[in-house]
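Peer 1: Could you work out the structure for the sequence below:
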Amino acid sequence: MSDILIPSVITLILLWGVFKKVDIAREFAEGAREGIMTLFEILPSLVLVMTAVGMFTRSGAVDMLSALLLPFTQTLGFPQECVSLAMIRPFSGSGALASVDKLLGSVSPDSFPGRVASVIMGSTETTFYTISVYFAAIKKKAYPMVFAGACFADICGFVLSALAVRLYFD
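Peer 2: Numbering: from 1, shown residues only. Now for the predicted structure:
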């Protein structure tokens with residue numbers, strides 16, 4: 001369906017521009033220019049987030065925090081193998097993907113931890129990355145309540161992912 005839908009939408013947009021007598025090429029170039037300017041404005045935030053995630057994972061801090069959180073995660077029924085993923089996912093999509101790849105290399109994708117990791121990847125967001133990009137783009141400082149709400153939503157997503165896998169696959 002997307003083979004037809006995407007070209008149809010593009011054609012519709014072009015026809016609408018012709019109908020409204022808009023210089024489509026100029027508008028496209030202006031939009032591209034704005035996009036590049038936005039990229040340059042948010043690039044420092046992106047570099048900061050990616051560097052921090054890389055340092056956090058390679059320093060062993062993720063493994064230490066996973067071990068500290070073990071009693072709490074066991075009480076919640078959250079698989080220990082997915083704790084590092086839960087810590088990385090709010091900050092980095094590529095880091096989370098690497099964590100899932102490592103996890104699925106050590107456990108079966110059909111195992112409880114494998115399924116929970118898959119649900120986490122499909123149902124959670126890189127919230128801190130998104131917050132940093134959004135607030136850098138609008139040139140405002142993020143409010144503390146934004147971070148509190150994001151953390152709460154992430155925790156709910158992680159806990160509910162384990163519960164959903166238990167309900168649907170056990």
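
Peer 1: List the backbone torsions phi and psi for residue 162.
Peer 2: Dihedral pair for residue 162: phi -70, psi -40, per degrees, to the nearest 10.

Peer 1: Equivalent analysis for residue 89, please.
Peer 2: When read as degrees, to the nearest 10, the backbone of residue 89 gives phi -50, psi -40.

Peer 1: Return the residues in contact with the closest residue in space to it that isn't next to it in sequence.
Peer 2: Leaving out its chain neighbours, the residue that sits closest to residue 89 by CB to CB, 6 or more residues apart in numbering is residue 96, at 4.2 Å. (Each C-beta comes from the backbone N, C-alpha and C, glycine too.) Shown in contact with residue 96 (CB atoms under 8 Å, 6 or more residues apart in numbering): 85, 88-89, 120-121, 126.

Peer 1: tell me which of the residues you listed is nearest to residue 74?
Peer 2: Nearest to residue 74 out of those is residue 85 (CB to CB; 16.3 Å).

Peer 1: element containing the closest one, please.
Peer 2: Using DSSP states H and E, the element containing residue 85 is helix 83-88.

Peer 1: Could you list every helix and strand that that helix packs against?
Peer 2: The helices and strands touching helix 83-88, judged by 3 or more CB pairs under 8 Å, 6 or more residues apart in numbering; DSSP states H and E, are helix 24-58, helix 61-76, helix 93-106, helix 112-123.

Peer 1: Try it again at 6 Å.
Peer 2: Packing contacts for helix 83-88, counted by 3 or more CB pairs under 6 Å, 6 or more residues apart in numbering; DSSP states H and E, involve helix 61-76, helix 93-106.

Peer 1: Run through who's touching the first one.
Peer 2: By that I understand helix 61-76. Applying CB atoms under 6 Å, 6 or more residues apart in numbering, the contact partners of helix 61-76 are 83-84, 87, 159.

Peer 1: Buried members of the residues you listed into ChimeraX, please.
Peer 2: Of the contacts of helix 61-76, the buried ones go into a single ChimeraX selection, burial set by 16 or more other CB atoms under 10 Å:
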select :83,84,87
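
Peer 1: Pull the most distant pair out of the contacts of helix 61-76.
Peer 2: Once CB to CB is applied, these give 84 and 159 as the farthest pair, at 16.0 Å.

Peer 1: Identify the residues contacting the host helix or strand of residue 132?
Peer 2: Here residue 132, judged by DSSP H and E, is contained in helix 127-137. Applying CB under 6 Å, 6+ apart, the external contacts of helix 127-137 come out as 38, 42, 45, 49, 90-91, 142, 150, 154.

Peer 1: Quick one: which of these is the most crowded by neighbours?
Peer 2: residue 90 (24 neighbours; other CB atoms under 10 Å).
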